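**Q** Test case, fold it:
(chains A, B, C and D)
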There are 2 protein chains.
Amino acid sequence: MNSTSIEKSPTFSPLYQQIKMLIMQGLQSGEWKPGELIPSEMDLAVRFKVSQGTVRKAIDELSSENLLVRRQGKGTFVATHHEPHVQFRFLRLKPDVGEASYPQNRIIELKRLRASSEIAQILDIKLGDPVVYFYRLQSFEGVPTMLDEIWLPGSIFKGLSAKRLEEHAGSMYSLFETEFNTRMIRAVEKVRAVLADERASELLRISRNSPLLSVERVAYTYADQPVEFRRGLYITEHFHYFNELT
Amino acid sequence: MNSTSIEKSPTFSPLYQQIKMLIMQGLQSGEWKPGELIPSEMDLAVRFKVSQGTVRKAIDELSSENLLVRRQGKGTFVATHHEPHVQFRFLRLKPDVGEASYPQNRIIELKRLRASSEIAQILDIKLGDPVVYFYRLQSFEGVPTMLDEIWLPGSIFKGLSAKRLEEHAGSMYSLFETEFNTRMIRAVEKVRAVLADERASELLRISRNSPLLSVERVAYTYADQPVEFRRGLYITEHFHYFNELT
DNA sequence: TAGTGGTCTAGACCACGCT
DNA sequence: GCGTGGTCTAGACCACTAG
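**A** Next up, the predicted model:
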């Protein structure tokens, strides 16, 4: 990096973008961990040999992408799934009436498999690579409501156990962050209406051919690396999937 | 507004927020219409007696809220639903394979009613106020796929006709913008899985008790004023509702 | 009181689109 | 060449937090 002139063609990018990338590398490498304080704007400006305003613009963007959180008077922190606010960004099923609450969590089965071609493609791993697969039933006030199947790359989630998953009810991602050093920062979902199959109807205690909301999610960590595939089936009689278009 | 000192308590707000509000008023009042060029940053800075940087920060935010669009070298424009890019922000149903395309549009019925208590509450109007109601069937390549019921406040959408609606297939909001001076800037949706009722199964040509995606939308114009309520039923066999969590 | 982020300014120069 | 938005700097002061 050059403090007096910016590299021009063919790979020109603004200084603040370069700073942004440097900070992201610090996040990705674990130099600054979720929940921790990063250096002040002035410190970073000195370290990177740019003005405070340029660091500020980089942090502004990272903050609007939910990778950093600014707190006036205190400093800038690495975002974490431990904050309750963040968790509802990734839990879009809300009760029709009343406040959102945390579901109870039951892991029905967890096993190690080899990636099928479909899963390998989605998780960007090789056919036959190790995969952790489990499915779980989540209930609100004792009423079974959400049934999820989840596939994770085995190379990252070594040693994941049903016990740990059940303890971390509504905040699986904070477990991943703490114990597997993997922070989910973005997810893409495909939502459909389907009919309950046999397994779903039994576990959710509803009749066959009840309508269910099917939500397929691929979640990504830094550098757009896919690290979770999930297929969820949700009862939407007293809940709905919430979305805002802006 | 004061150019040399900012008002403090109890109604303190940063200068750039005040500028932002002034620009929004210009948008709302129609001083600058969708698609038009607004004055340059320097012109606005002079007009509002602040520095260019302050105007810039105000425009930055309006731009990230999709109210304005900046084009380097050309100027800053009022966002419009006429741009194809914008239209897909509000059409979340995508084909499982292939590119998104525009549906054909058939208005089945359009009538004037009086607001029920439910509709009055949602649209923030009085019980019994005039309402335009219609429902329409949209098809992709001749296959019926989307069935929508739509309620609009009659005071705003005077003279809306089925003919005009059918001509404006995939971009109803651009029609609203041009002919009724009402620009949708934000919407909130509740998504559920339901079973086809009799009317839906006939119009969509599917069997009773097929699963359908139900999407209830409330759309807002400036100042968070609700101006549309919509209840949609979508076949998700070859389409899905797309969403990104960030 | 010291240190942090937040706001505001003024000025320089760059990149882009058009004439 | 000129006008637009885009980047970068340097410095001043404000608002919030914590010791």
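**Q** can you pull the contacts of the residue most central in space within chain A?
**A** If you average the C-alpha coordinates of chain A and look for the closest C-alpha using CA atoms, centre = their mean, you land on residue A:184, 2.8 Å from that point. Under the criterion of CB atoms under 8 Å, 6 or more residues apart in numbering or on different chains, the contact partners of residue A:184 comprise A:81, A:90, A:173, A:176-177, A:219-221, A:227-228. In this view, the C-beta of every residue, glycine as well, is placed from N, C-alpha and C.
**Q** I'd like the residues you listed laid out as TSV, including distance to chain B, secondary structure and pLDDT.
**A** Listed next are the contacts of residue A:184 as TSV, based on distance: CB to the nearest CB, whole Å; DSSP: H, G, I helix; E, B strand; the rest coil; pLDDT from 0 to 100:
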residue	distance to chain B	secondary structure	pLDDT
A:81	12	coil	95
A:90	6	coil	95
A:173	11	helix	95
A:176	15	helix	96
A:177	16	helix	95
A:219	8	strand	98
A:220	10	strand	98
A:221	13	strand	97
A:227	14	strand	98
A:228	12	strand	98
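**Q** Tell me the one of those residues nearest residue B:208?
**A** Compare each of the contacts of residue A:184 with residue B:208 using CB to CB and the shortest gap goes to residue A:90, at 35.5 Å.
**Q** C-alpha coordinates for stretch A:107-125, CSV please?
**A** Written as CSV, here are the backbone C-alpha positions of stretch A:107-125 (Å, rounded to 0.1, in the frame of the first residue of the first chain):
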residue,chain,number,x,y,z
ILE,A,107,-31.8,-32.8,18.1
ILE,A,108,-33.4,-35.9,16.7
GLU,A,109,-30.5,-37.3,14.8
LEU,A,110,-26.9,-36.3,14.1
LYS,A,111,-24.5,-38.2,11.9
ARG,A,112,-21.4,-38.0,9.8
LEU,A,113,-21.9,-38.6,6.1
ARG,A,114,-20.0,-38.1,2.8
ALA,A,115,-21.1,-35.3,0.6
SER,A,116,-23.6,-36.2,-2.2
SER,A,117,-23.1,-34.3,-5.4
GLU,A,118,-25.9,-31.9,-4.5
ILE,A,119,-24.5,-31.1,-1.1
ALA,A,120,-20.9,-30.9,-2.4
GLN,A,121,-22.0,-28.4,-5.0
ILE,A,122,-23.9,-26.2,-2.5
LEU,A,123,-21.2,-26.2,0.1
ASP,A,124,-18.4,-25.9,-2.5
ILE,A,125,-16.6,-29.0,-1.3
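**Q** and that stretch, average pLDDT?
**A** Taken as a whole, stretch A:107-125 has an average pLDDT of 98.
**Q** At the contact with chain B, which residues of chain A appear?
**A** If contacts are counted using CB under 8 Å from any CB of the partner chain, the residues of chain A sitting beside chain B are A:64-66, A:89-90, A:92, A:185-195, A:209, A:211-214, A:216-217, A:234, A:236, A:240-246.
**Q** Now, of these, which are buried?
**A** Of all these considered here, the ones buried according to neighbour count by 16 or more other CB atoms under 10 Å in any protein chain shown are A:90, A:92, A:185-187, A:189-195, A:211-214, A:216-217, A:234, A:236, A:240-241, A:243, A:245.
**Q** longest helix of chain A?
**A** helix A:15-29 (DSSP state H).
**Q** right, and the helix or strand after that one?
**A** Counting by DSSP states H and E, the element after helix A:15-29 in chain order, helix or strand, is strand A:37-38.
**Q** what's the following helix or strand after that next one?
**A** With elements assigned by DSSP H and E, the helix or strand that comes after strand A:37-38 is helix A:41-48.
**Q** Which positions in that next one come out as buried?
**A** Burial within helix A:41-48, assessed by neighbour count using 16+ other CB under 10 Å, is assigned to A:41, A:44-45, A:48.
**Q** ditto for stretch A:113-126
**A** Along stretch A:113-126, these residues count as buried under the neighbour rule (16+ other CB under 10 Å): A:115, A:119-120, A:122-123, A:125.
**Q** on that earlier part again, close to DNA strand C, is the longest helix of chain A?
**A** No. Using CB under 7 Å from any atom of the strand, helix A:15-29 never reaches DNA strand C; the gap is at least 10.9 Å.
**Q** Point out the other helices and strands that that helix packs with.
**A** When contacts are defined as 3 or more CB pairs under 8 Å, 6 or more residues apart in numbering or on different chains; DSSP states H and E, helix A:15-29 sits against helix A:41-48, helix A:52-64.
**Q** how does it look with 10 Å?
**A** For helix A:15-29, the packing partners by 3 or more CB pairs under 10 Å, 6 or more residues apart in numbering or on different chains; DSSP states H and E come out as strand A:37-38, helix A:41-48, helix A:52-64, strand A:68-71, strand A:75-78.
**Q** thinking again about what came up before, take the buried residues of helix A:41-48 and lay them out in a markdown table including pLDDT.
**A** What follows is the buried residues of helix A:41-48, written out as a markdown table (pLDDT from 0 to 100):
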| residue | pLDDT |
| --- | --- |
| A:41 | 98 |
| A:44 | 97 |
| A:45 | 97 |
| A:48 | 97 |
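**Q** got any ranges where chain A has weak pLDDT?
**A** Under the criterion pLDDT under 70, the flagged ranges of chain A are A:1-11, A:169-170.
**Q** Please list the residues of it that sit near DNA strand D.
**A** A:3, A:6, A:14-17, A:50-54, A:57, A:71-74.
**Q** Which of those are buried, as a PyMOL select command?
**A** Typed into PyMOL, the line below selects the buried ones among those, using 16+ other CB under 10 Å:
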select buried, chain A and resi 15+16+50+54+57
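**Q** isn't residue A:194 right next to residue A:213, touching?
**A** Yes. Using CB atoms under 10 Å, residue A:194 makes contact with residue A:213 at a distance of 8.0 Å.
**Q** Next, show the common contact partners of those two.
**A** With contacts taken as CB atoms under 10 Å, 6 or more residues apart in numbering or on different chains, residue A:194 and residue A:213 have A:233, B:193, B:211, B:213, B:236 as neighbours in common.
**Q** before we move on, what SS does the nearest residue to residue A:119 once chain neighbours are set aside have?
**A** Spatial nearest neighbour of residue A:119, excluding adjacent residues (CB to CB, 6 or more residues apart in numbering or on different chains): residue A:151 at 5.3 Å. Assigned with DSSP: H, G, I helix; E, B strand; the rest coil, residue A:151 falls in the strand class.
**Q** Show me what residue A:151 is bridged to.
**A** When bridges are taken as DSSP bridges, the partners of residue A:151 come out as residue A:133, residue A:229.
**Q** burial measure for it, as a count.
**A** By other CB atoms under 10 Å in any protein chain shown, the residues close to residue A:151 number 21.
**Q** which ones are touching it?
**A** Applying CB under 10 Å, 6+ apart, one finds that residue A:151 lies in contact with A:113, A:115-116, A:118-119, A:122-123, A:131-134, A:218, A:228-231.
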